[in-house]
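**Student:** A structural model of the following input is requested.
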Amino acid sequence: QVQLVESGGGSVQAGGSLRLSCAASGYAYRRYCMGWFRQAPGKEREGVATIDSNNSTTYADSAKGRFTISKDNAENTLYLQMNSLKPEDTAMYYCVVGRRCYTRAADFPYWGQGTQVTVSS
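**Tutor:** Numbers count the residues shown, from 1 in each chain. All right, here's what the predicted structure looks like:
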């Protein structure tokens, strides 16, 4: 059974930083893609960043230059370092895993419960 447990969200002022973590278990595929999606109130879920089993990464334009996705294979943990946070980054952030790096949220079969990030101006 795949389990994804996010942590690290919170409330910060604009310009601040947060590091999200996602502890993963039960996913046995040698090739995989992990990532972060977010959803703000009244908006659709959007991709933030992905990293695959070869450590290739992708970022949404809104995340480029500010966010860094990484993973610790020994600890089965995914991270998202978020710097220079803006109020528009306020959202619930979800960890996902799948066989490959899909562009659509609906294509990722496994999701965590989410962690809230709130950025005040």
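
**Student:** and the residue nearest the centre of the chain, what element?
**Tutor:** The centre of the chain sits closest to Trp36, judged by Cα atoms, centre = their mean, with a distance of 2.1 Å. Using DSSP states H and E, Trp36 sits in strand 33-39.

**Student:** immediately after that strand, which helix or strand?
**Tutor:** Next along from strand 33-39, by DSSP H and E: strand 46-52.

**Student:** name the helices or strands packed onto that following strand?
**Tutor:** For strand 46-52, the packing partners by 3 or more Cβ pairs under 8 Å, 6 or more residues apart in numbering; DSSP states H and E come out as strand 33-39, strand 57-59, strand 67-72, strand 77-82. (C-beta placed from N, C-alpha, C; glycine too.)

**Student:** got the angle for the longest one vs strand 46-52?
**Tutor:** Pointing back at strand 33-39 there. In terms of direction (axes from the mean of the first three to the mean of the last three Cα atoms, to 10 degrees), strand 33-39 departs from strand 46-52 by 170 degrees.

**Student:** buried stuff in strand 33-39?
**Tutor:** Residues of strand 33-39 classed as buried: Cys33, Met34, Gly35, Trp36, Phe37, Arg38 (neighbour count, 16 or more other Cβ atoms under 10 Å).

**Student:** any idea how far Gly15 is from the residue nearest to the third one when sequence neighbours are not counted?
**Tutor:** What it means is Gly35. Counting by Cβ to Cβ, 6 or more residues apart in numbering, the nearest residue to Gly35 once its immediate chain neighbours are dropped is Thr50, at 3.5 Å. Between Thr50 and Gly15 the computed distance is 26 Å (Cβ to Cβ, to the nearest Å).
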